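1. sequence first, then the predicted structure:
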Amino acid sequence: MEFGKVLPSELAHIEFKLPQDDPRTIQALKRGHGLKRFGVGAPVWGAKTWLGKVYPNGTGPKDFLSHYARQFNSIELNTTHYRIPDRETIERWQATTPEGFRFCPKFPQEISHHFPLSGRESLVKEFVGAVMGLGNRLGMSFLQLPPTFAPEDLGDLARFLKQLPAGFSIAVEVRHPAFFREHRLRDEYYDLMQTAGAHVVITDVAGRRDVLHLSLPTPRLMVRLIGNDLHPTDDVRISDWIARLQSWLKLGLEEVEFFIHQPGDTTAPDLIAKFIDQLNPACGLSLKNWEPMNQGEQLGFF
């Protein structure tokens, strides 16, 4: 079963309310200097079910990215988890997307899911060199560690982070239950991230409420909200997140990359639209929302 996935019949029995802030988060945010970027997007651009809805009917796969980048300002770039892109691909991605768009590439599984992390210097160098070719289209990179990566492996993560070039933005997701204590990150991990200037990934998923920590070591973060195909609980969850983000923005939050997943990703754009529609007035933002291709025919999606 996918990470944190539950049956639809179980959703009504899950506590989706966000926990209280870690007091360390408040202190980290107070060191921030105000919002510089708010990215919102999905984990894919190649969903054929978006034709006639997000993309014009008849759009070919080679043009999906250009249409995606007109509709959204960020992408959780999962394709790099399976293959390091070559120079031509990087140049095409950069040329296909507008100013202000950001790719958030996931580290290859050959790095993140094989130990030791710090023993793959040549692959890390190859990946970092490749994605840095995106120039100003490069957002936070994303290191997703497997459930087997435990607190006793933190020395390996520390060595890994030290080999990254200065200024290379990285957000890290951990999944081992021992990293979390009452929705807070354990001290050793939090301290390492703060010292390294690395950001955290907060994953909000139905079946693993323990990983929903609210411990920010820096005033920047990545949120991955895994929805449940527009179940009523999805609406409750985005409203709760908007209220929390509103609070964090007042404290000094500098950067957010907020990615919305749905099973099969067919309905991800629908929840994104609801999120942005509520986020803008609540937080005083003016993020562009995506526009359905056939407005009169798409009313049922909202």
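-> Right, received. Where do you want to start? This is a predicted model, so every value here is computed, not measured.
2. just the strands from the protein, written as ranges.
-> 37-42, 74-77, 102-105, 141-144, 170-173, 180-181, 184-185, 199-204, 220-226, 255-261 (DSSP state E).
3. adding mean neighbour count, distance to R159 and mean pLDDT, write the ones you listed out as TSV.
-> Using the backbone N, CA and C atoms, a C-beta is placed for each residue, glycine as well. Formatted as TSV, the strands of the chain follow (neighbours: other C-beta atoms under 10 Å; distance: least, C-beta to C-beta, whole Å; pLDDT from 0 to 100):
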stretch	mean neighbour count	distance to R159	mean pLDDT
strand 37-42	22	29	98
strand 74-77	25	25	98
strand 102-105	24	21	98
strand 141-144	24	13	98
strand 170-173	22	14	98
strand 180-181	16	23	95
strand 184-185	21	19	97
strand 199-204	23	19	98
strand 220-226	22	22	98
strand 255-261	24	26	98
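4. quick one: closest of these to E2.
-> strand 220-226 (8.5 Å; C-beta to C-beta).
5. so how far is that closest one off the chain centroid?
-> 4 Å (C-alpha atoms, centre = their mean, to the nearest Å).
6. please apply the same query to stretch 136-153.
-> Per C-alpha atoms, centre = their mean, the centroid offset for stretch 136-153 relative to its chain is 11 Å.
7. buried ones in it?
-> R137, L138, G139, M140, S141, F142, L143, Q144, L145, F149, D153 (16 or more other C-beta atoms under 10 Å).
8. end-to-end on it?
-> With C-alpha to C-alpha, to the nearest Å as the measure, stretch 136-153 spans 33 Å from end to end.
9. do the same with stretch 277-293
-> 18 Å.
10. quick one: contacts of it?
-> 35, 38, 40, 52-57, 71-73, 238-239, 242-243, 245-246, 249, 269, 272-273, 276, 298, 301 (C-beta atoms under 8 Å, 6 or more residues apart in numbering).
11. make a PyMOL selection of whichever of these turn out to be buried.
-> PyMOL command restricting the contacts of stretch 277-293 to the buried ones, with burial defined by 16+ other C-beta under 10 Å:
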select buried, resi 35+38+40+53+54+55+71+72+73+238+242+245+249+269+272+273+276+298
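12. show me where the stretch 201-302 of the chain has helices.
-> 232-251, 268-283 (DSSP state H, counting those that start in this stretch).
13. look at N294 and report its pLDDT.
-> At N294, the predicted lDDT confidence score is 72.
14. number of nearby residues for it?
-> Residues lying near N294 (other C-beta atoms under 10 Å) number 11.
15. do G135 as well
-> Using other C-beta under 10 Å, G135 has 9 neighbouring residues.
16. list the residues that contact it.
-> Q94.
17. and the pLDDT for it?
-> 97.
18. look up how far R102 lies from it.
-> 11 Å (C-beta to C-beta, to the nearest Å).
19. ok, V174 next?
-> Counting by C-beta to C-beta, the gap from V174 to R102 is 23 Å.
20. swap in D265?
-> Per C-beta to C-beta, D265 is found 19 Å from R102.
21. before we move on, what about R137?
-> 6 Å.
22. ok, H183 next?
-> 28 Å.
23. also V128?
-> Taking C-beta to C-beta, one finds V128 at 16 Å from R102.
24. tell me where the model's unsure across the chain.
-> Low-confidence segments of the chain, defined by pLDDT under 70, span residues 1, 295-302.
25. thought K5 was touching G207?
-> Yes - the pair K5 / G207 is scored as a contact, 5.7 Å apart, by C-beta atoms under 8 Å.
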